[in-house]
Each structure stands twice: as C-alpha cells, then as structure tokens.
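K.L.:
The following block contains a protein sequence and its predicted model.
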Amino acid sequence: MDYVMLTDAGEPSCYKEAVSVSDHAKWEHAMKSELDSIHKNGTWDLVPLPKDRKALPCKWVYKYKYTSDSGTPMYKARLVAKGFKQEQGVDFDEIFSPVVKMTTLRMLLALAANQDLELVQMDVKTAFLHGDLNEEIYMEQLEGYEVPRKAQLVCKLKKSLYGLKQSPRLWYQKFDAFIHIQGYTRSNEDACLYTKKCSDESSIMLILYVDDMLIAGKNKDELLSLKKNLSHTFDMKDLGEAKHILGMRITRDRSKRCIYLSQVEYISKVLKRFNMENA
C-alpha cells in the first residue's frame, strides 16, 4: 500500500511525498520559486565529477510558514545540501557565525518605544545563497529536476547553499561587508548590531538574526534609503512595520510608547504538538 509520511506539522518529508499529496501544486510552485532564486544567483555549474572528489547528496526540505494572523500558511521549499558529509580541510574550514543577542533585541525594542522610533522589519530571501564559496565543492543534481541527457554531471558550487557548514559564516561576511559600505558601524558588544549617525543627529539601528532584520530610526529618508540599497543588493522582502520576530508577536501602542511581546503562538504550537492544548 502506498502512503505518505508527513512531519509533525503536516509537511512532506521528501520530494516523492511532496508531489503525491493533495496540495502538491503548491509545493511544486514553492520548489520552482526556490530554483528560480538559485539559477538567478548563479549558484552552480554542471560539470563532470573529478575522479578524486565525491559529490555531496542533497534533499528538499518543506515547511509551512505563518507570517500573519490569518492562519493561512505559506508553502516554503528549500534545497539543502547534506553538509554532514563534508570533510574539514577539504570542503570547509571556518564555520562560526554570530547571531544577535536577545538582550540586544530587547534593548532595540525598548529604545524604539521610548523614543517613538520607526520600527520596520525585512527578510532576506534565500540569504545563504549570497555567500561566495572559497572551497571546491561538488553536489549531486537534485531529485526531480535532473537536467535531461546530463544526468552524469554534477553541480560545482560557486555560491553557498543551505546545509553547507560554512554557509551561515559566508552570508554574515557578505552582509557585514555590504553594511559597512553603507556607512554603518558594527557594535563592539554585539556583532549583529549596526548603527549609523544621520545628518539630523539621529541614529539608525539595525539588528540581524540570520536572514531577519529589524531596523529602527527616526529619519524616514535614511530608513527608505537603507531599504532601497538592501533590496538592490539582495533579494529582500519588505515586511513593513515589525509584527513578528523569532517566534514572538510584537504589539505596539505608540500613544503610550509601549511595545508588548507575546509568545502565545509558540506556546500554543508546543502544547498542540504534545496533545496538551486542552490542558
């Protein structure tokens, strides 16, 4: 008997399952969107595999993503290299990459509330695809999308890919170089906090958590300029006024200069997973 194994959240766990479920068309659209980003970025070339090298396997990862209060999920498909098969000194070297501290996040929100700053959020689409690889890495062609009459070839990676051990570090280095060119200074206390002094003596503050950004400031022209430059350099999604970050819901009352954080959605999800939502 044929059957489909789904994850706890109901997502397919592999390509064959994604194209077998009732909403397969939405998963196929998500995979096409991912591949469009990959090809647009020039992530790999198809080449013969050198005799002394091995090609990393890869797989599709599927996820529902909720970005609003409507309860309607977005279908996300991510091509992931199986980086656990990489060999240090051959496929990678340095892998450390920082993320913003939670104390820094709370500080930014407190300042935004206290000083009545604009608070906007942006998301980098396929952030890890922007990193430039220094190592020579080969990967098998992806299941379901092998190039006709070229099945014997492999992908020689030119850009980083999700799943590679060095991808987070390469993305951070790419963003760090970009933001410094824009005139921003990295904090000595938190490597993911950047600030810039504007001509009106106000400041713009940006925090980075992998591919999520919160930007706070009073100078709307400077905010608009930064968002424009980000979108010109990277494939960005402008989420407008900050509403969700790291599993927390942000509610703001500007008349009282208050920002409230709620983790109700996360708690409800955990309770549901363990069948305790009615406890």
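P.N.:
Sure thing, it's come through.

K.L.:
quick one: terminal-to-terminal distance for stretch 86-93?
P.N.:
Stretch 86-93 has an end-to-end distance of 10 Å (C-alpha to C-alpha, to the nearest Å).

K.L.:
From here on, call the first residue 52.
P.N.:
Will do, 52 is the new start, and the previous item becomes stretch 137-144.

K.L.:
contact partners of that stretch?
P.N.:
Stretch 137-144 is contacted from outside by 107, 134, 186, 188, 215, 216, 217, using C-beta atoms under 8 Å, 6 or more residues apart in numbering. From N, CA and C alone the C-beta is placed, and that goes for glycine too.

K.L.:
likewise stretch 92-100?
P.N.:
89, 106, 177, 180-181, 189-190, 192, 198, 201, 203-210, 212.

K.L.:
Which of these fall in strands?
P.N.:
Within the contacts of stretch 92-100, residues falling in strands by DSSP state E are 189, 190, 205, 206, 207, 208.

K.L.:
From residue 281, how far out is the first one?
P.N.:
In other words, residue 189. Using C-beta to C-beta, to the nearest Å, we find residue 189 at a distance of 32 Å from residue 281.

K.L.:
got the residue ranges for the helices in the stretch 202-330 of the chain?
P.N.:
For the stretch 202-330 of the chain, the helices defined by DSSP state H, counting those that start in this stretch cover 218-232, 271-284, 315-324.

K.L.:
now those in JSON lines, with distance to residue 262, mean neighbour count and mean pLDDT?
P.N.:
What follows is the helices of the stretch 202-330 of the chain, written out as JSON lines (distance: least, C-beta to C-beta, whole Å; neighbours: other C-beta atoms under 10 Å; pLDDT from 0 to 100):
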{"stretch": "helix 218-232", "distance to residue 262": "8", "mean neighbour count": "18", "mean pLDDT": "95"}
{"stretch": "helix 271-284", "distance to residue 262": "12", "mean neighbour count": "15", "mean pLDDT": "94"}
{"stretch": "helix 315-324", "distance to residue 262": "19", "mean neighbour count": "12", "mean pLDDT": "80"}
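
K.L.:
if we compare those, which one ends up closest to residue 170?
P.N.:
helix 271-284 (9.8 Å; C-beta to C-beta).

K.L.:
In PDB, list the C-alpha atoms belonging to the closest one.
P.N.:
Output of helix 271-284 as PDB, limited to C-alpha atoms (Å, rounded to 0.1, in the frame of the first residue of the first chain):
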ATOM      1  CA  LYS A 271      12.500  58.200   7.500                       C
ATOM      2  CA  ASP A 272      14.600  59.200   4.500                       C
ATOM      3  CA  GLU A 273      17.600  57.300   5.800                       C
ATOM      4  CA  LEU A 274      15.400  54.300   6.500                       C
ATOM      5  CA  LEU A 275      14.000  54.400   3.000                       C
ATOM      6  CA  SER A 276      17.500  54.700   1.500                       C
ATOM      7  CA  LEU A 277      18.800  51.700   3.500                       C
ATOM      8  CA  LYS A 278      15.800  49.500   2.500                       C
ATOM      9  CA  LYS A 279      16.300  50.600  -1.100                       C
ATOM     10  CA  ASN A 280      20.000  49.700  -1.100                       C
ATOM     11  CA  LEU A 281      19.300  46.300   0.700                       C
ATOM     12  CA  SER A 282      16.700  45.400  -2.000                       C
ATOM     13  CA  HIS A 283      19.100  46.400  -4.800                       C
ATOM     14  CA  THR A 284      21.900  44.200  -3.400                       C
END
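
K.L.:
For that helix, name the packing helices and strands.
P.N.:
Judged by 3 or more C-beta pairs under 8 Å, 6 or more residues apart in numbering; DSSP states H and E, the packing partners of helix 271-284 are strand 169-175, strand 254-260, strand 263-268, strand 287-292.
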